[in-house]
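*Asks:* Make a model of this:
(2 chains)
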Amino acid sequence: MKRAECIAMLYPELTDKAVVTIMGACAQELYDLGHQENFFYLQHAMGLASSIGLGLAVHLPHEKIVVLDGDGSVLMNLGTLATLARYRPPNLVHIIFDNGSLLSTGGFDSHTTAGLTDLAAMARAAGIEHVAAVDSIVAFGEAAIDAFARHDFSVIVAKVSAVGPNHYGMDLHLPENAFRFKRWIAAKKAAEAQ
Amino acid sequence: MTVSYENSKIVFQGIKDAGVTSLSALPETWLGLLLQQAERDPDVRLIQVAKEEEAIGVAAGAYFAGERHILLMQNHGFLAAINGIVSLAMLYGIPLCMLIALRGHWGEPYPWHTRGGIVTEGVLRALNIPFEYARNPHDVGRQIREAYTLSQSALSPVALLLTRDLMEEAL
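*Replies:* Numbers count the residues shown, from 1 in each chain, chains lettered A, B, ... in the order given. Take a look at the predicted model:
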């Protein structure tokens, strides 16, 4: 299964959710489906997408937050699994695309290649109750439906092939992305307060 | 020497008076009494991280959510968080108001803290992060408020260094 297929399947469900992606291929594949103001692309600072998701989720209890993460990024910030387990934000869905590769930086194998390191098992051992490990598009779709419906912190580890887009680039400056993302949240909160 | 209970209370009150409702922290000795107060305060949310760089992400999320947020860490934790500070906060123009316990500086008896203490100011200068030293309990509340204000107007990390003069007292 390809990550791009998974993201395309999620895309119609993301309209009303705050979405944080990691850098590179994952960000580009979401952007190429059509940028929305509720998408924040973390183009550097690997590992912190899930920490941003935690900060959003605990302070926006009435919003659904989705983090699109990767094996290389999670491996750079393994403590995040324990922190997320501790605070267990019920409105956060943490999707980890495990392609076993540092694809966006040259395609070197990550530690998850060949099943050496099992991120789903690590997430469970960190204390996260709802962890789905999937390797087919049907199973991914079912896990995503469950995670979006469930009012509890949910992790999906999706085994995907190490392929990405054939181009990179966005018509969106990084601070501009941050400003507009913040404004989308403020507007949604204001609308809901009325 | 021991951690000053009175001054920990004053620093926490300064945080509250700045209108801050959310804290991220990694506990350390000088911050311990402060964080205990935060844990007991129903008006303040405390998020403890496993490593300080996580707190940069948490602070960014809090900022996007419109929450008034402060980070509490030791200077060695600041050193551990630098990529997040540079490649999230500075890159995207996200404010960070950091209260940093300045271990390993003037009067430090413990060798293991000293190297981090000696380089902290130089690293802050290299990163162009505005900073001040908090030495006096009469000034620290105003300093916290001003640090927070500058972080928001400049969309920049700002650091207030909590010194031994402020955080310790003789037994």
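*Asks:* tell me the contacts of residue 17?
*Replies:* I'll assume chain A. Residues near A:Lys17 by CB atoms under 8 Å, 6 or more residues apart in numbering or on different chains: A:38, A:63-66. Bear in mind the C-beta positions are built from the backbone N, C-alpha and C, glycine included.
*Asks:* To clarify, I was referring to chain B.
*Replies:* B:141, B:144-145.
*Asks:* quick one: pLDDT of it?
*Replies:* Here the pLDDT value assigned to B:Asp17 is 97.
*Asks:* Name the member of the contacts of B:Asp17 with the most neighbours.
*Replies:* Neighbour counts for the contacts of B:Asp17 peak at B:Ile144, which has 26 neighbours (criterion: other CB atoms under 10 Å in any protein chain shown).
*Asks:* so which strand or helix has A:Cys6?
*Replies:* helix A:3-10 (DSSP states H and E).
*Asks:* Kindly report the residues of chain B close to chain A.
*Replies:* B:22, B:24, B:45, B:47-51, B:53-67, B:69, B:83-84, B:87-88, B:91-94, B:155 (CB under 8 Å from any CB of the partner chain).
*Asks:* For the residue nearest the centre of chain A, what are phi and psi?
*Replies:* The centroid of chain A falls nearest to A:Leu68 when counting by CA atoms, centre = their mean (1.4 Å). Per-residue torsions, A:Leu68: phi -100, psi 110 (degrees, to the nearest 10).
*Asks:* Show me the longest helix that occurs in chain B.
*Replies:* Looking across chain B with DSSP state H, the single longest helix is helix B:137-154.
*Asks:* And for chain A?
*Replies:* The residue-count maximum for a helix in chain A (DSSP H) belongs to helix A:174-193.
*Asks:* what does that helix contact?
*Replies:* A:16, A:18, A:37-41, A:43, A:56, A:60, A:62-63, B:63-66, B:91-94, B:155.
*Asks:* Okay, helices next: where are they in the chain?
*Replies:* You didn't say which chain, so I picked chain A. A:3-10, A:25-32, A:49-59, A:71-75, A:79-87, A:119-126, A:137-149, A:174-193.
*Asks:* switch to chain B, that's the one I care about
*Replies:* Ranges of helices in chain B, per DSSP H, are B:5-17, B:32-40, B:52-64, B:75-80, B:82-84, B:91-92, B:111-126, B:137-154, B:164-167.
*Asks:* counting contacts, what elements does the last one pack onto?
*Replies:* In this case it means helix B:164-167. The helices and strands touching helix B:164-167, judged by 3 or more CB pairs under 8 Å, 6 or more residues apart in numbering or on different chains; DSSP states H and E, are helix B:5-17.
*Asks:* for the third one, same thing?
*Replies:* Applying 3+ CB pairs under 8 Å, 6+ apart, one finds that helix B:52-64 makes contact with helix A:49-59, helix A:79-87, helix A:174-193, strand B:22-25, strand B:69-74, helix B:75-80, helix B:82-84.
*Asks:* Going by contacts, tell me the helices and strands next to the longest helix of chain B.
*Replies:* If you count contacts as 3+ CB pairs under 8 Å, 6+ apart, helix B:137-154 packs onto helix B:5-17, strand B:96-101, strand B:131-134, strand B:157-162.
*Asks:* The residue of chain A found nearest chain B - how many residues pack around it?
*Replies:* Residue of chain A nearest chain B, by CB to the nearest CB: A:Gly55 (2.1 Å). Look at A:Gly55: counted by other CB under 10 Å, it has 31 neighbours.
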